[in-house]
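Colleague: Compute the structure for the input listed below.
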Amino acid sequence: MLVLAIACLVSAAAWVYLVLLHGGFWLTSQRLPAGGNAEPAAAADEQTWPAVAAVVPARNEAESLPVTLPALLAQDYPGEFRVFLVDDNSDDGTGAIAAELGEKASRDGGAPLTVVTGRPRPDGWAGKVWAMAQGFAAAAAAAPEYVLFTDADISWAPTALRDLVAGAEADDRALVSQMALLRAQTRWERVIVPAFVYFFAQLYPFRKVNDPKSGTAAAAGGCMLVRRSALEEAGGLEPISGALIDDVALGTLLKKHGDRTWLGLTTDISSARPYPSLASLWHMIARSAYVQLRYNPLLLAGTIAGLLLLYVAPPAGAITALVVAAAAGGGPATAVAGAGGLAGWTLMTVSYVPMLRLYRLSALRAPSLPLIALLYAAMTADSARRHYSGRAVSWRGRTAARV
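Modeller: Got it, this is the predicted structure:
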C-alpha cells in the first residue's frame, strides 16, 4: 500500500503539472484565427492570392479517391491552384481513377490535376516521403508560393485551403498544419481515436509547437501547407528521406531551420479512412509507436512505465483504498493512496473532456481513459515486438526498410 500511495502522489503531482503547465495540451483551442476567410490583401482576385500546388501521395487508393479527390479539386480558392497526385506503383488502378476524376473536375471548373507516375524507390528513402518528394519536384516546376501536402483519404470543406493560406500569410508561417478530424463512427473508433489525438497533443503540445521560442516541433500529415522557398532552403525533403513519421520530421526540419510553424485542430478537414475493427486500429498505432521511440528499448520501458504511472496508478489507488477502507478501515498509506489516486484520476478525466467534445462524444467516457491507456501500452509493446520479430513498418502495403 505504501508503494501504491507514493505512486499515486507522484501521478497526482504530474497531472497538476500537465494540466497547468504543459502548454494547455488538453485544450482544443488551437484553431486558425477567426476570420481566416479574409483576403490576405485588399482585393480578392487571382493576383492577390499566392499560387498553391497540392501534392497527394497515393498508393492503392482506388476506394478513397472518389470520396475525397473531387472536394480537393473543387476548392473555393481565388488564386492559382493545381493538384499533383503521385501514383506510387499502385496495383488497383489508382492512377486511372485519379485521371478520370481530374477530367471530370476540369469540365466542372475545378483545379487541374496532374497524375505523376511513381518511380522506383531509392535506397534510404521511406515510401511515403519518396512519393512526396516526386510530387514536390513536379509541383516546384510550376513555381507555386505554397505546396500543400495532403493524403488521399482526406476530405476538404470548400474554403479549407483559403483558410490555410490566409492563416499562413497573416502570421508569416512557413508551415501551417491542421490535424484532420479522424473518423469516429464504429465502436472501437470512438474508443481509440479521440485518445490517439489526445496522446499526440500531450506528446507535442500545440501551443509549444506554435511558439517560435519552444523546441517542440510537429505537424499533421493529412494537411501541411508549406512555403516552397522555406522547404527548399531547408534542403527539401532529402534531409528527412528515411523518416517513417514524415509529418513530425517535416515540422522539426523547418522549425530547426528557423522557420515559424503552426499546428492546430479543425473540423473542416477530415479523414475518410475507416478503421472498422480493433485489429485495424491496433495496426495503425503499432506500426509507428516504436518508430516514434527511435527503436530504443529504454525509451520503450520508460514509456510503458510512464503510461502505467500516469494513467493506471490513480484509479488503482482510489479503488484499492476504497475497498481496503470498507473492509478494514486502512491506515495513513491507504488514505494517501485514495486521495492521491482520486486527485490524479479527476484531473486526467477533466483533461480528456474537451477532446471528447471535439469528437461529439459523451463526457461520460472520460473516466475510462486509464483503460484506453492500458490498450495503448499494449500496442506500444506490440510495436516493439513486431520490430524485433522482423515485421517492418509499411505504408499502404509498401514495406519500409528497418533501421
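
Colleague: For the residue positioned nearest the centre of the chain, which non-adjacent residue is spatially closest?
Modeller: For the chain, residue 220 is the residue whose C-alpha lies nearest the centre (C-alpha atoms, centre = their mean; 4.0 Å). Using C-beta to C-beta, 6 or more residues apart in numbering and skipping the chain neighbours, the partner closest in space to residue 220 is residue 179 (4.2 Å). No exception for glycine: its C-beta is placed from N, CA and C like everyone else's.

Colleague: Quick check: the one you found touching residue 268?
Modeller: No: when contacts are counted by C-beta atoms under 8 Å, residue 179 is not listed as touching residue 268 (11.5 Å).

Colleague: Tell me which other helices or strands the top helix by length along the chain touches.
Modeller: If you go by DSSP state H, the chain has its longest helix at helix 332-358. Packed against helix 332-358 by the contact rule (3 or more C-beta pairs under 8 Å, 6 or more residues apart in numbering; DSSP states H and E) you find helix 2-21, helix 187-203, helix 313-328, helix 369-388.

Colleague: quick revisit: distance-wise, check the residue nearest to the centre of the chain relative to residue 70.
Modeller: Distance, residue 220 to residue 70, using C-beta to C-beta, to the nearest Å: 22 Å.

Colleague: For residue 396, give me the pLDDT.
Modeller: The model reports residue 396 with a pLDDT of 59.

Colleague: phi, psi of the residue nearest to residue 220?
Modeller: phi -70, psi 110 (degrees, to the nearest 10).

Colleague: picking up where we left off before, more crowded one of residue 179 and residue 268?
Modeller: With neighbours defined as other C-beta atoms under 10 Å, residue 179 and residue 268 compare such that residue 179 has more, 25 against 20.

Colleague: residues contacting that one?
Modeller: 197, 200, 220, 222-223, 263-266 (C-beta atoms under 8 Å, 6 or more residues apart in numbering).

Colleague: Which one (most neighbours) among those residues?
Modeller: With neighbours defined as other C-beta under 10 Å, the most crowded of these is residue 263; it has 29 neighbours.

Colleague: Name the next helix or strand downstream of the lengthiest strand in the chain, please.
Modeller: Counting by DSSP state E, the longest strand found in the chain is strand 261-271. Using DSSP states H and E, the helix or strand that directly follows strand 261-271 along the chain is helix 278-292.

Colleague: Compute the distance between the residue of the chain positioned farthest from its centre and residue 334, please.
Modeller: Most distant residue from the mean C-alpha position of the chain: residue 328, 47.9 Å away (C-alpha atoms, centre = their mean). According to C-beta to C-beta, residue 328 stands 9 Å off from residue 334.
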